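Visitor: Just to be clear, the model below is a prediction. Sequence and coordinates:
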Amino acid sequence: TEAHVRAVEAVRPFNIFITETPDAALSMAKASDERRAKGEAGPMDGLPIAVKDLFCTKGVSTTAGSHILDGFKPEYESTVTSQLWRDGAVMLGKVNLDEFAMGSATITAHQGETVSPWSPGAPGAWEKKIVAGGSSGGSAAVIAARAALGATGTDTGGSIRQPAGYTGTVGIKPTYGRCSRWGIVAYASSLDQAGPMTRTVEDAAIMLRSMCGFDPKDSTSVDMPVPDFRAALTGDIRGLRVGIPKEYRVEGLSPEIAALWDQGIAWLKEAGAEPVEVSLPHTKYALAAYYIIAPAEASSNLARYDGVRYGLRVEGGNLKEMYENTRGAGFGKEVQRRILIGTYVLSAGYYDAYYNKARQVRTRIKWDFDEAFKSCDVILTPTAPSTPFAIGEKMDDPVQMYLNDVFTVPINLAGLPAMSVPAGLGADGLPLGLQLIGRPFDEETLLRVGHVVE
Ligand code: GLN
C-alpha cells in the first residue's frame, strides 16, 4: 500500500485521481495486517484499488465528474464498494470519468481530462496526448500506470470495456443484475452495471467475485449463487464454439482492427476452439436505439440535481430561476445535450416514434443474441472499431464519438456479460482489445476464454 500511495503521487500529471485517500489507504492496510496476523484475511486482503468517482463512498467526496455535485459527501457506501472493503481491499482514492459516465474518452469531467499512460513522450511534455477511453478512463489509466492493482468501473454502453481495450487492461461488464447498482450514481438504470478493471484475467476473476451478489436494496439485483470465478481459468477451451458475428465487419472498421480480430480467431482455433459464423442482424440499429434509451433514462435520473438536495446551488430571483441557474452552471455541455435529447424523446408527441420504437429494437437485439447462442458458446469481436485516438479528436462532432460504441452498446441493450482482454499493440504502439460476449450469467466462459487470449 505504501508503494501504491507513492505511485498515486507519481501519476499526478496524468490527472487520474479526483480524490486521493492516502490516510484511509494506510489505515485500511494496517487493519488488513492485523486480520492477516489473526489468520482472518479476506479474499482481497491488503490489495490496493481505486474507485471510479461514480460510486458513493461514505464520508469521501463523490463527484461523478460534475460541478453539480461539488461538496457532496455521501452518508452511505455503495453495496459494491462495501463488499470490496468487506473482503479486505484497500482504497487509494476516487478516479476520473466522463461527467455522469456519459462519454468514451474521459474528457468531459469538470476536473479535466485524463491522459493515457500510453501517450508518447515524457509525462507533462507529451508528443501527443492519447485518450484513456471512457467513461471509466481513470480506472483504466490507474491500472495501466501501475498505480493500483484493480479499479471499479461502470458500463452502460461500453464504459468498462472500451477504456480497458484502449489501455491494455482487462475489464468485465457482468450480466445485468449480477452487481448491485445501489449507491452508484445512476446514468441509465436499465443498462448500468458495475464491474472490475485489472491487469490480468485472474485478478478480474478475484475482484468480480467480491463485487457480485444479491442485494435487496436493488430491485434488479439477481438472487443467484456467485461462482468461484477463478476456478474457471482452466486453460482448456477445446471444443468450445466461438461465434463470429458477420455484421460486426462494419463500414469504417480499421484494417488494423480487422487484422487483430482475425488474429484472435486464429489464437482460439489453435487452442482447440471452433469458430462459427453467427448473425446479429439488428446490430445496425443498436447505436440509434441506445442513444435514445440512455439519454431518456438519464434525463429522468438527473432530474434530482436541482440545487436543493445535493452539491451546487446557484441562487436566482425565485425557485425556478434557482433550478435553471444551478443546472445551467452545474452540468457540462455533453450532459445538457443528453438531457435535452432524453426529454425530447420522452415528450408526449414523440414518445411512440422514438422511445417506444427504441425499446422494440432493443428486444430484437436481445433475440438476435438468443438465436446466435444456439450455435455458439461465446462471441468474439473487437472491443472498439478504432485505435485509441488523441485528445482533441472526435470532439467537435458528438456523433463521431457515439459511433465508437458500435461493438459495445448491443451487449448492454441485451443485458449480457462481456469482457475486453488485451490483444496486443497497433501500428502506433497503442494497445488494442478484443471483446468476448457470453450467455446471461456465464461470466465463467468469458474468463476461461479471456485467460487463453491474454
Ligand atoms: N460511451 C457511451 C455513452 O456515452 C457509454 C458510456 C458508459 O458506458 N457509461 O453513453
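Guide: All right, it came through fine. Numbering: from 1, shown residues only.
Visitor: Tell me who's in contact with the residue nearest to Ser254 when sequence neighbours are not counted.
Guide: The spatial neighbour of Ser254 that comes closest, neighbours along the chain excluded (C-beta to C-beta, 6 or more residues apart in numbering), is Ser386 at 5.6 Å. Every C-beta, even on glycine, is put in place using the N, C-alpha and C of the backbone. Listed by C-beta atoms under 8 Å, 6 or more residues apart in numbering, the contact set of Ser386 reads 254, 257, 404.
Visitor: Ser386 in helix, strand or coil?
Guide: Going by DSSP: H, G, I helix; E, B strand; the rest coil, the secondary structure assigned to Ser386 is coil.
Visitor: Look up phi and psi at it.
Guide: Summarising the backbone geometry of Ser386 under the convention degrees, to the nearest 10, its torsions are phi -130, psi 160.
Visitor: distance of it from Asp396?
Guide: From Ser386 over to Asp396 the distance is 16 Å, taken as C-beta to C-beta, to the nearest Å.
Visitor: try Phe17
Guide: Applying C-beta to C-beta, one obtains 28 Å for the distance of Phe17 from Asp396.
Visitor: need the contact list for the nearest residue to Lys217 once chain neighbours are set aside.
Guide: With C-beta to C-beta, 6+ apart as the measure, Trp182 is the residue that lies nearest to Lys217, at 4.2 Å, once sequence neighbours are left out. Trp182 makes contact with 78-79, 215, 217-218, 221 under the criterion C-beta under 8 Å, 6+ apart.
Visitor: Pull up the gap between Trp182 and the ligand, please.
Guide: Trp182 sits 17 Å away from the ligand, taking C-beta to the nearest ligand atom, to the nearest Å as the criterion.
Visitor: For whichever residue of the stretch 251-400 of the chain sits closest to the ligand, grab the count of nearby residues.
Guide: Evaluated by C-beta to the nearest ligand atom, the stretch 251-400 of the chain has Ala294 as its residue closest to the ligand, separated by 5.2 Å. When neighbours are defined as other C-beta atoms under 10 Å, Ala294 has 27 of them.
Visitor: who in the stretch 301-450 of the chain is up against the ligand?
Guide: Taking C-beta under 6 Å from any ligand atom as the contact definition, the stretch 301-450 of the chain meets the ligand at Asp405.
Visitor: returning to what we had before: quick one: which helix or strand includes the residue of the stretch 251-400 of the chain closest to the ligand?
Guide: In the assignment (DSSP states H and E), Ala294 maps to helix 283-301.
Visitor: That helix - what's its average pLDDT?
Guide: Model confidence over helix 283-301 averages 97 on the pLDDT scale.
Visitor: Please apply the same query to stretch 406-421.
Guide: For stretch 406-421, mean pLDDT is 98.
Visitor: Compute the first-to-last residue distance for that stretch.
Guide: The first and final residues of stretch 406-421 sit 17 Å from each other (C-alpha to C-alpha, to the nearest Å).
Visitor: again, but for stretch 88-101
Guide: 27 Å.
Visitor: Do that stretch and the ligand come into contact?
Guide: Yes. Residues of stretch 88-101 contacting the ligand under C-beta under 6 Å from any ligand atom: Ala101.
Visitor: hmm, back to that, can you pick out the residue with more neighbours from Phe17 and Asp396?
Guide: When neighbours are counted by other C-beta under 10 Å, Phe17 comes out ahead of the other of Phe17 and Asp396, with 25 against 8.
Visitor: That one - nearest residue in space that isn't next to it in sequence?
Guide: Here the residue nearest Phe17, using C-beta to C-beta, 6+ apart, is Gly93, at 4.8 Å.
Visitor: For the helix or strand that neighbour falls within, which strands pair with it and how are they oriented?
Guide: In this assignment (DSSP H and E), Gly93 forms part of strand 90-95. Strand 90-95 has these partner strands in its sheet, going by DSSP bridges: strand 17-20 (antiparallel), strand 48-52 (parallel).
Visitor: which of those is buried the deepest?
Guide: Among those, judged by mean count of other C-beta atoms under 10 Å, the one packed with the most neighbours on average is strand 48-52 (a mean of 29).
Visitor: wait, what's in contact with Pro120?
Guide: Contacts for Pro120 were tallied using C-beta under 8 Å, 6+ apart; they are 126-128, 130, 429.
Visitor: okay, now Val308: neighbour count?
Guide: In terms of burial, Val308 registers 11 neighbours under the definition other C-beta under 10 Å.
Visitor: An error on my part: the question was meant for Thr154.
Guide: Around Thr154 sit 27 other residues, with neighbours defined as other C-beta under 10 Å.
Visitor: Among the contacts of Ser386, which ones are in helices?
Guide: When DSSP state H is applied, these are split such that Ile257 fall in helices.
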